[in-house]
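S.K.: How does the following fold in three dimensions:
(chains A and B)
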Amino acid sequence: MSIEIALLTIFILSIFVGFEVVSKVSTILHTPLMSGANAIHGVILVGAIIVTGHAENNLELILGLVAIVLATINMVGGFVVTDRMLELFKSKKSTKAGDKK
Amino acid sequence: MIPAWSQLANLGAALAFILALKALSSPKTARLGNRIGAVGAIAAVAIVFFSESNLKHLPLILIAVAFGTIVGFVAAKKVQMTQMPQMVALFNGVGGGAAMAVSSIEFLKAGATDGFVALFATVFTVVIGSISFTGSIVTFLKLQELMTSRPVVLPLGRFITIGTALTTLVMSVYLMVFPEIWALWTLVALSLVMGILFVLPVGGADVPIVISLLNAFTGLSVAASGYVLDNVLLLVAGTLVGASGTLLTQLMAKAMGRPLTSTLFGAFTAKASTATASAVDRPVKSAGPTDIAIMLTYATKVIIVPGYGLAVAQAQQSLRELVDLLISKGVEVEYAIHPVAGRMPGHMNVLLAEADVPYEQLKEMDEINSEFSNASVAVVVGANDVVNPAARTDKSSPIFGMPILNADQAEQVVFMKRSMRPGFAGVENELLFNDKTTLLFGDAKDSLSKVVAAVKSM
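M.R.: Reported below is the predicted structural model:
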């Protein structure tokens, strides 16, 4: 199997997995799910590090460093903000017991 | 060549992402899921420092990572929960920008030597990544209300957009046939403009769907840059986000009762006439906090319809106080959550959770809509479009076809509003003029605490 075909296979299978894993999500979680998925594509940071590490001139280097900063913001910010949202979902159950009069 | 151990480690990271998305779909496992995703991402980044041979500029790279981490972390920690949708939009945009930059650099290095499919992937990343970048920034400006949230229709807008789209397409083909550097930069510029033109005509209420769509776009451009770099992890992660994001966009559009095409292109066909001036002098019934307090205390069943205005006024705490008080007086109270209450699907749940409202009191639209007819009072706080009956009846209304909460079927309706200004979609609401509707004007937090005080004194 050539590398192109292998990549194509992975691509197509990933599409189906992507559809499958979120197909049963409840409306309540749409926002956190979007935010979490958003954080995951921050992994472009890996690509940014690779191209910057092999930069051969200043233009490539500067563009690469910009890409690294942007990608890191995407990744770190994405996961942190999602965690903040989901933290709220959890905390309410524990506070429920106390308000009986 | 990438060593085998790191390829295996990347497989692990890819699995982490799949598990993360899966776990994020269920309330019980969502937080864990997000953390699994974070661990996968951090691992993937750590691995690359060891698996890539002779990386240059290491100190600079580490400084850039550290800088990005601080900015991202502080931004995510500081943002108010009401402003979260635009934060997500911004995080998404910078991701798209990064993908575009990565593929551009790879093009500068390799040029045409990577072959036609790689060139195609490069063009794809550049175009889609740029659109996602500027599109997300415009989305941010709209939600932050730094610019109007209404659809912006430029004079001859349709022709400018179609013209730019065609030129972008021509330039994309040109770049694939003649891979020259000036063509790349022209394409980048065109795509950046395209992103702005793409989002400008979208109306405020539809912006969440666009965020989700741009999120899927960024995913796909990351996937394409994975192809360019022969990096399987980027390919898998990007595709996962692209596919799940597309599905999520469809689910959201469905929840809003809007076909995707009318969200994106509606403003092109709609006349830019928002005739709101006519209704100013129509009589409405308004009342003071004490009247409302009496009405609520003697009700058997109250349904609260919270909207974005509630969150803007930071009144969730006061609302919960009122609800607790009513429950202690034996009134049955529930919250009716419209799928797009707030600014994004599920946003209202997050905002109410922040005020410790018990999960069990929140009812989704399908669950609660049949119960409005048994309710003594429906209290609409800071919401408008989601209870507008015009969505059912008025075919000419921009929100026609959107599923709404049947607040008009309750015995009485109370609106807590700041003014008679129409909602986010800019549409007049007939329910405000209905006989059974009572208005309580004022800041939501102020009104609610007055009502709470009045109920307490009874």
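S.K.: In PDB, list the C-alpha atoms belonging to stretch B:445-455.
M.R.: Extracted in PDB, the C-alpha atoms of stretch B:445-455 (Å, rounded to 0.1, in the frame of the first residue of the first chain):
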ATOM      1  CA  LYS B 445     -31.200  41.600  38.600                       C
ATOM      2  CA  ASP B 446     -32.800  44.600  40.100                       C
ATOM      3  CA  SER B 447     -36.300  43.400  39.200                       C
ATOM      4  CA  LEU B 448     -35.700  39.900  40.500                       C
ATOM      5  CA  SER B 449     -34.300  41.000  43.900                       C
ATOM      6  CA  LYS B 450     -37.300  43.300  44.300                       C
ATOM      7  CA  VAL B 451     -39.700  40.400  43.500                       C
ATOM      8  CA  VAL B 452     -37.700  38.300  46.000                       C
ATOM      9  CA  ALA B 453     -38.100  40.900  48.700                       C
ATOM     10  CA  ALA B 454     -41.800  41.200  48.000                       C
ATOM     11  CA  VAL B 455     -42.300  37.400  48.100                       C
END
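S.K.: Am I right that residue B:401 sits in a strand?
M.R.: No - according to DSSP: H, G, I helix; E, B strand; the rest coil, residue B:401 belongs to no strand; its state is coil.
S.K.: That one: neighbouring residues, count only.
M.R.: By other Cβ atoms under 10 Å in any protein chain shown, the residues close to residue B:401 number 15. In short, each C-beta sits where N, CA and C put it, glycine included.
S.K.: can you pull the pLDDT of it?
M.R.: Note on residue B:401: pLDDT of 74.
S.K.: wait, it sits on residue B:393?
M.R.: No - in this structure residue B:401 lies outside contact range of residue B:393 using Cβ atoms under 8 Å: 10.8 Å.
S.K.: Output the below-cut-off pLDDT ranges for chain A.
M.R.: Per-residue confidence for chain A (pLDDT under 70) gives these ranges: A:1, A:90-101.
S.K.: the helices in it, which residues?
M.R.: Counting by DSSP state H, one finds helices in chain A at the ranges A:3-22, A:30-40, A:44-53, A:58-72, A:78-94.
S.K.: The longest one: which residues count as buried?
M.R.: By neighbour count on 16 or more other Cβ atoms under 10 Å in any protein chain shown, the buried set for helix A:3-22 is A:7, A:10, A:11, A:14, A:15, A:17, A:18, A:21, A:22.
S.K.: Out of those, the closest to chain B would be?
M.R.: residue A:18 (2.7 Å; Cβ to the nearest Cβ).
S.K.: The closest one touches residue B:25, doesn't it?
M.R.: No - when contacts are counted by Cβ under 8 Å, residue A:18 is not listed as touching residue B:25 (11.9 Å).
S.K.: And the residue nearest the centre of chain A?
M.R.: With distances taken as Cα atoms, centre = their mean, residue A:40 lies nearest the centre of chain A, 1.5 Å away.
S.K.: That one contacts residue B:242, correct?
M.R.: No - counting by Cβ under 8 Å, residue A:40 stays clear of residue B:242, with 10.6 Å between them.
S.K.: what do these two both touch?
M.R.: Counting by Cβ atoms under 8 Å, 6 or more residues apart in numbering or on different chains, the common neighbours of residue A:40 and residue B:242 are residue B:219.
S.K.: next helix or strand past the least confident helix or strand in chain B by mean pLDDT?
M.R.: Sorted by mean pLDDT, DSSP states H and E, the helices and strands of chain B end with helix B:260-269, the least confident at a mean of 62. Using DSSP states H and E, the helix or strand that follows helix B:260-269 towards the C-terminus is helix B:289-297.
S.K.: got a list of what the residue nearest to the centre of chain A touches?
M.R.: Residue A:40 is in contact with A:78, B:17, B:20, B:21, B:37, B:41, B:219, B:237, B:240, B:241, counting by Cβ under 8 Å, 6+ apart.
S.K.: could you dump those to a markdown table with distance to residue B:282 and neighbour count?
M.R.: A markdown table is the format used below for the contacts of residue A:40 (distance: Cβ to Cβ, whole Å; neighbours: other Cβ atoms under 10 Å in any protein chain shown):
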| residue | distance to residue B:282 | neighbour count |
| --- | --- | --- |
| A:78 | 46 | 30 |
| B:17 | 54 | 30 |
| B:20 | 52 | 30 |
| B:21 | 49 | 27 |
| B:37 | 52 | 30 |
| B:41 | 55 | 27 |
| B:219 | 48 | 32 |
| B:237 | 54 | 34 |
| B:240 | 52 | 28 |
| B:241 | 48 | 34 |
